[in-house]
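>>> turn this into a model:
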Amino acid sequence: MIATTHREEKLPLIAEADEAVLDDGRLTGRVRGATKALDLVGPRNLRDTLTAVEKGGIVCQTGLLGGVYTLNGFDPIKDIPNGVYLTGFFSNYPTKQGIDDIFSFLNEHRLMPKCGRVFDFANIKAAVIAQDNGGVNGKIIVKICAQLS
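Sure thing, here's the model as predicted:
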């Protein structure tokens, strides 16, 4: 697994990956053997991600962290390399089954997501401020209900 970050100070957060790469906006030619890519940056980096994976590779574009929301001038015939597949995932309307599937996968493979901070719903304003300031390393979790015992 190759993990990337655009910020040098975030490299320790991805150190458990097989390879941690500081992404300067150009991964093509710098990474080898990638057959699947989960692109969380979005349209800003999509062309580079498409050319960084191997032939037969799959790119799933699901994030918009790069602040660019559309890809003007994108030509699927020219911009998607022959033999590379592009798909997407839109998570704004998750189903109960989808969430259950994710947690089943995490449990089955004994995976623990990296959590930056956990906020109670009553402190959601502080969670939003923390997100806007970029001061939390990892996901921000907001608990919306009490845990059943």
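
>>> which residues touch stretch 47-64?
Outside of stretch 47-64, the residues within contact range by CB atoms under 8 Å, 6 or more residues apart in numbering are 25-31, 33-43, 46, 71, 79-91. Bear in mind the C-beta positions are built from the backbone N, C-alpha and C, glycine included.

>>> keep only those of those that are in strands.
Judged by DSSP state E, the contacts of stretch 47-64 include 36-39, 85-88 as members of strands.

>>> so which of those residues wins on neighbours?
residue 39 (25 neighbours; other CB atoms under 10 Å).

>>> I'd guessed that one sits against residue 45; true?
Yes - the criterion here is CB atoms under 8 Å, and residue 39 meets it with residue 45 at 6.5 Å.

>>> how far off centre is the longest helix seen in the chain?
The longest helix of the chain (DSSP state H) is helix 96-108. Its chain's C-alpha centre and that of helix 96-108 lie 17 Å apart, by CA atoms, centre = their mean, to the nearest Å.

>>> and stretch 67-87, by the same measure?
So, by CA atoms, centre = their mean, the centroid of stretch 67-87 is 18 Å from its chain's centroid.

>>> now do the contacts for residue 32.
Shown in contact with residue 32 (CB under 8 Å, 6+ apart): no residues.

>>> actually residue 1, not the one I typed
Residue 1 makes contact with 17-19 under the criterion CB under 8 Å, 6+ apart.

>>> same check on residue 4?
Residue 4 neighbours (CB under 8 Å, 6+ apart): 14, 20-23, 27.

>>> where does the prediction get shaky in the chain?
Applying pLDDT under 70 to the chain flags residues 146-149.

>>> if you set the cut-off to 50 instead, what comes out?
Regions of the chain meeting the criterion pLDDT under 50 are absent.

>>> narrow the contacts of residue 4 to just the buried residues.
Among the contacts of residue 4, the ones that count as buried by 16 or more other CB atoms under 10 Å are 14, 20, 23, 27.

>>> just the ones of the contacts of residue 4 in strands?
Among those, the members found in strands (DSSP E) are 20-22.

>>> residue 116: which of the ones in strands among the contacts of stretch 47-64 is nearest?
residue 38 (18.8 Å; CB to CB).
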